[in-house]
Every structure is written in structure tokens, then in C-alpha cells.
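>>> starting from these lines, generate the structure:
(2 chains)
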Amino acid sequence: MNKKILLLLVLVFSIFSIILIAVWGTLPENPSNIELETITIDDYDETNDDGDKFKNVTDIVTENDNIYIIEYSIFPDNASVDIQATTTAEGINIQVDTEARKVYVIYDLQSITSKRTITIQIKDKNTQVYDELTLWFKTPGVIIVPEI
Amino acid sequence: MLERIKILTLLQLSNKSRMYVKGSKRIYTHIAVRTAIIIALTVAVTLALHVLKNILYIPVNEFLLIFLLMFTQGLNIIVSTISLVSDLYQSKDNQILFSLAAKNDEIFMSKILVYYVNEFVRNLFLLIPILIGFGVISKLGFLYYFSLTFVLFFLPIISIGIAAFISMPITFFLNFIKRHNLLSGILTLIFVLLTFYLTYYIVNQIPTPIRIVQLYNRFVLSLSLAIQKTVKFGTIYTAIGKMLFGYNYLLNLLFLLITVSGLGMLNYLVSKPVYFKLMSFSQENTITKKLKHKPFETRTLFFTFFKKEFTIARRSLNELLNNYGLLLTLPFFMYILNYIYMGMNRSSFGNQVVLILNVIITLLIVTGSNTASATAITKEGYEFVLLKTAPYNTSRMAWAKIIFNMLFTFLMIAFSFVLFAQALPVFPKENIWLLFLFVILVNSGHILWSFQIDLLAPKLSDYAATGSITNNQNVSKSLSIGLWLSLFFGVISIFAFVFAKDIGWYIMIGLAILFLLFRLFTFHTYLKAYFDDIEY
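Below you'll find the model as predicted:
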């Protein structure tokens, strides 16, 4: 037995103690069963004729700042939700902070230099309600052509 | 000049490396074993990156590689700085090297080269697995693997270059501190307080009420974001990362070459005028002690010994930190754990479990800090024989040492509890101070018990021969007893706080008093019976 082993024991015991209280020492959760009606992404620049939302990320997503944050809101505010964010684009990682109601879109360098356009879908898995946002590096003079 | 640096480097390398007889095949075994280790590590890192990418969903991209470079090289810089302070300025071989027909800067450069060779070999075990693992996971091409070959040579130059430069002001500072013990103590206190404030600030970022699953998700999210954002501060490592992935290849390569040569020049030019001065002032025999005051004469033998303990503590702060360093972690453990406990929506049973866990964890840390008593007589070494020839009741020395240990731990524990009470007002104050009283009583009993272990089996001759208490059995026994005491009182607290909660604290404190009185009685008896019989 030496001090290093003792310190390790204290660390292990500390982690064990947190798990112990979390499992046996807490009150049961009281989940609300209020159903979600809408998910909305408010921050976008323009929409096309189909109502798809677009956001220009030029100068926001750069080689030194590869994260774009999408904020969303839900209605009713206390609805019971299981939020999931997805994209089909490669080289993009998505992380969801359900507490802060934010979706972090993490680009890799390849996606930034090739100015890849991506669509993010934020969906509640319980009700299948969703909203989408397309992030693109808009070049001057480009207009959005509606799908026929 | 170059010839002299080469000879000096080879001279030191031959002294610090494993040598093989010319033509011996053992060198091939040595290389084969190390290659196998590197291959095994590469497979392990590749699997770990696969887990990060596909199970934890942490983005494995260029930015993660830059972060890993910054993290590993940052650690390398810290370790190299500590090693170089010792190797460059405090090493025993300086006395030989400086007597040779070589200039100061040539010795400096040779020492840096020796360190570079060792660092390069060490880095192979770290960088090859990480960089190749990354290449495999990200399916990278020829240019990446080609660039790796020279990056492996340049990365140690950068970390050693930065470390060598930083080591100069650090050595100057250490030399200054060595001559001002009080300042050293004040700085340690400020460091502990600042670290506690930083812990307080970070822990307060955890949103309450705490839900463990959400906390885990938030942790992974924060980790991912932090990793991705550090790229802004990567400087040369960002350039290396981008170069490896083929972005602005030539520009980043040029930046790398300029940085490497710049660091080399900077170290050479700065070390030239200051290296010898710093080195000579780092040697022990350069310390000049001036006796300013007439020694204070104490009236009793007890105070003479008690004052001696303070003098020893003041003169050897490192040893003091070694003995009581674990106690410094007490406020951190108490605050972080209780913040998390308090942050959860606890049931009444949960509140009782919190008290039980506080008893166990606090006792574990506190009783682990009484090793000074478990080696109190042992550390007297050869001087103990001289001490016993004095025509006094020298057993009072034992009480002086015990009171010093009790006083010091009392102050440290009180400091921890005051910080804890201030930082976490939501924790019931009554419980904080009852726990404090209980811990002080049990700890005092454990100090007496630890001293008794050393009293019955002091390792005087071992310590006199080695000057070290590493692997000392008495320390081991003291720590083991502390562990069992914590578990014993933990079990008692289950009974006291769950089944007899109205009188829970009375039971705990009553038992602690009984324990202390019993230890006091046995210690006093053993001291009277055995102290005079202790032999070298």
C-alpha cells in the first residue's frame, strides 16, 4: 500500500459513490406526457418556393472555426421529446444539446474547402415532427431555383 | 566547435545509454521487441479512434489530430522542462563537463542533443501509433505518410526547443525560491487557493439538478466542442496538422522550418550568456547561509523538540508537501463530490448515503496523510543514537513530533472544511462541523497509532544507509490501518445514520472519542515501555 494506490482508491470510491446515490438515493423522475406540436429553426436567411430554409455560412464556418450552431425551439415548451439531428452528408459530425436546445454542426476541413452544401434535419423521435435547414457557402449571384 | 559538441554528446550518450558488444545479436532482439510494442500500440490506437468515431460519435477529423498533437506535445513540453531543469542546471555531471576543455554553449548544445536523442526514441512510441492510427481511420494517401517521416524528426525539436527556453527563467525562479522559504510557502498557499477557485468555477458550470445520463451526454458534447475549438490556439501544431492533410502544404512546411530554426537560434543566443551563471547558482554548494539572529533558547525540553520540528518543516518544504500533499486534495474532493451529490434530487435515504460517503472518503484522505508520524523515529536515522546519549528524558521528542503532526493536520483539515462550508452553503452547516469534529478525533487516534507502529519497529539503519523511506513497511501499515479505519467507521455510520438517525452523530462522535482515548492509553504505555530500548 502506498499513497498512489490510496489516491486511486479514493478516485474509484468517489465515482462509485456518485453512481450509488444516482441509482438508489434519488427521487423518481416525473416525466410529462405532453405531446410535441412543432419544432422550429428560427435562424435562416431565405426560403425557396417549397418553403425549405437556407442559411449562408460563408464567413461563419472557416478553416479556423469549423462549428456552426443551430438553435431550435419546441412547442409546447414542456413537451416530452426525444430529439435527433441527422444529415446524409459525409465529413459532417452532428452533436445535440437537448438542454440548451442547440445542434452543433462540426465540419471537417475537406467539407469547408470544397464548400459543401448540407441539409440538417432535427426530428422528435416520439412524434416524427421535424424541421430542416440547409447550410451552404453562398457565392455572389447565385439564386435558389425551386424544384420542379 | 562542432567536433567538440560531437565528442561531448557521444560521451554523455555512452554514459546514459545501454551499450552492446560490437557484433552482438542482442541489439537485434532489442530493436525487434520495441518494434513489436510500437505495432501493438498502433493497433490499439487505431481501435480507440474507431470507438471514438463510431461509438462515442466524437468527430475524428483534422481538428482532432491537431488537438492530439497539441495535447501530447504540450505534455512533452512540461515533462521536458522539468527534466531539462534537472539535466542542464542541477546534474552532477556538470562538475566534470565544465572541467573539460569546452565552452559553456558547447556543453549546453551537447546536453540538448543528448536529450533530443532520448526524446526522439520516446516519441516514436507515442507519435507513430497516433499518426498511423489516424492515417488508417481517415484513409489518407501517400503524401500523409511521406510527411510523417520528417514530422517525426521535427516534433521533438520543437518541444525540446520550447522546453529549453522556458527552463532558463524557471531555473532562475527556482534558485530564487530556494533562498526564500517563506515566499515558497506563501506561493504554495496561493496556488492551492487559486486551484480551488478554478475547481469551484468549473464545477459550478454543471447545471443542476444533475441527471447522470444527461451529464454524460453533456460531457461528451463539451469534450467534442473543446477539441474542435482548440485548433485556433495550436499555432505551429495547427500548421503541422494542416500540412499533414495537404492544406497549403508548402506554406505550412515553410512555417515549420522557420519555427524549428528560429527555436534553435533563440536557444543558442539566449543560453550563451546565461547558461553558466544559472548552472553555477543551481549547485548546492553555492548557497550561502547567513545566521542573522541569535538562536532562540526554549525553557523546556518539549519546546526544544517542538521548535526543531518547525525548523525541519521550514527547511524541507518538499518533504512537508510529500507528507501532507494528499491532505491538500481534501477540499477538492469534498467540494466536487458534494456539489454533485447536492445537485441530484435526493430522497431522504439519499441524504443519509451522502453522510455515510462523506465519512468514508474524508477519513480515507485524512488518514493517508499521517505518514510523517509513521516514520517519525525512522527519519532520525543515525542521529537517533546521538540523541539518546543526552542526559534528558528524550521520549518527549515523540510527543513533540505527535503534537506537530496533530497541529498541522488540524489546521489543514480546518482550512478544508472552512473552504467547503463557504463554497457549498446548501450543505447543512451542522453536519459539516459535526463531521469536522469526528474527523479530527479519529485522525488524532490514527496519528498515535501510526507513531506507535514506528516506535515498535523503527527502520533507523535502513534510513541511515539509503536516506529514503520508499517501500517503508511502517508507511504501508499506517496507510492500511487508515483504510480499514475508514471502512470500519463507514459501516458504523450506516447503522448510525440509517437505523438510529436521531442519535447518529452522538454514536459516531462517542465512538471516535473512545477510539482516541484507547489509542492515547496504548501509545503512552508503549512509549514508556519501549522508547529506551530502541537501538540503531
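>>> what residues are up against the residue of the stretch 301-450 of chain B at minimum distance from chain A?
Nearest residue of the stretch 301-450 of chain B to chain A: residue B:350, at 2.7 Å (C-beta to the nearest C-beta). Every residue, glycine included, has its C-beta placed from N, CA and C. Applying C-beta atoms under 8 Å, 6 or more residues apart in numbering or on different chains to residue B:350 gives the contacts A:21, A:24, A:25, A:26, A:27, B:341, B:344.
>>> from residue A:24, how far out is it?
7 Å (C-beta to C-beta, to the nearest Å).
>>> can you count the residues close to the closest residue to residue B:479 other than its chain neighbours?
Sequence neighbours aside, residue A:1 is the residue nearest to residue B:479 in space, at 4.5 Å (criterion: C-beta to C-beta, 6 or more residues apart in numbering or on different chains). Applying other C-beta atoms under 10 Å in any protein chain shown, we find 16 residues neighbouring residue A:1.
>>> swap in residue B:74?
13.
>>> swap in residue B:210?
20.
>>> residue A:139: what's it in contact with?
By C-beta under 8 Å, 6+ apart, the contact list for residue A:139 reads A:58, A:115.
>>> quick one, strands of chain A?
For chain A, applying DSSP state E gives strands covering A:38-41, A:46-47, A:53-56, A:67-75, A:83-86, A:92-97, A:102-107, A:118-124, A:130-136.
>>> look up how far residue B:507 lies from the residue in chain A that chain B sits nearest to.
Proximity of chain A to chain B (C-beta to the nearest C-beta) peaks at residue A:25, 2.7 Å away. Going from residue A:25 to residue B:507 by C-beta to C-beta gives 21 Å.
>>> who touches residue B:474 in this structure?
Contacts of residue B:474 were listed using C-beta under 8 Å, 6+ apart, and they are B:374, B:375, B:378, B:450, B:453, B:454, B:457, B:458, B:459.
>>> report the two of the residues you listed separated the most.
Across the contacts of residue B:474, the longest distance by C-beta to C-beta is 14.0 Å; it joins B:450 and B:459.
>>> which residues of the stretch 301-450 of chain B lie near chain A?
By C-beta under 8 Å from any C-beta of the partner chain, the part of the stretch 301-450 of chain B that sits against chain A consists of B:325-326, B:329, B:333, B:336-337, B:340-341, B:344-347, B:349-351, B:353-354, B:357, B:360-361, B:364-365, B:368, B:371.
>>> for the most centrally placed residue in chain A, give the beta-bridge partners.
Of all residues in chain A, the one closest to the mean position by C-alpha atoms, centre = their mean is residue A:103, 2.1 Å from it. Beta bridges link residue A:103 to residue A:70, residue A:96, judged by DSSP bridges.
>>> circling back to that earlier point, now the residue of chain A closest to chain B, nearest residue through space, not along the chain?
residue B:350 (2.7 Å).
>>> next, give phi and psi for the one you found.
When read as degrees, to the nearest 10, the backbone of residue B:350 gives phi -60, psi -40.
>>> for it, give me the pLDDT.
Looking at residue B:350, its pLDDT is 84.
>>> and it, how far from residue B:364?
In terms of C-beta to C-beta, residue B:350 sits 21 Å off from residue B:364.
>>> repeat for residue B:481
Separation of residue B:481 from residue B:364 (C-beta to C-beta): 12 Å.
>>> these two: which has the busier surroundings?
A direct count of neighbours by other C-beta under 10 Å for residue B:481 and residue B:364 places residue B:364 higher, at 25 against 18.
>>> count the neighbours of residue B:202 for me.
Counted with other C-beta under 10 Å, residue B:202 comes out at 10.
>>> tell me the SS of it?
helix (DSSP: H, G, I helix; E, B strand; the rest coil).
>>> before we move on, the earlier item: just the buried members of the contacts of residue B:474?
B:374, B:375, B:378, B:450, B:453, B:454, B:458, B:459 (16 or more other C-beta atoms under 10 Å in any protein chain shown).
>>> run a quick neighbour tally on residue B:465.
Close neighbours of residue B:465, defined as other C-beta under 10 Å, add up to 11.
>>> can you check which residues contact both of residue B:350 and residue A:24?
Counting by C-beta under 8 Å, 6+ apart, residue B:350 and residue A:24 have no shared contacts at all.
>>> quick one: low-confidence ranges for chain A?
For chain A, the stretches flagged by pLDDT under 70 are A:28-32, A:141-148.
>>> spell out which parts of it neighbour chain B.
So chain A meets chain B at A:1-3, A:6-7, A:9-10, A:13-14, A:17-22, A:24-27, A:29, A:63-67, A:91, A:93, A:95-99, A:104, A:106, A:108-109, A:113 (C-beta under 8 Å from any C-beta).
>>> which strands and helices sit next to the lengthiest helix in chain A?
The longest helix of chain A (DSSP state H) is helix A:3-24. Packing contacts for helix A:3-24, counted by 3 or more C-beta pairs under 8 Å, 6 or more residues apart in numbering or on different chains; DSSP states H and E, involve helix B:212-229, helix B:317-328, helix B:330-343, helix B:348-367, helix B:473-494.
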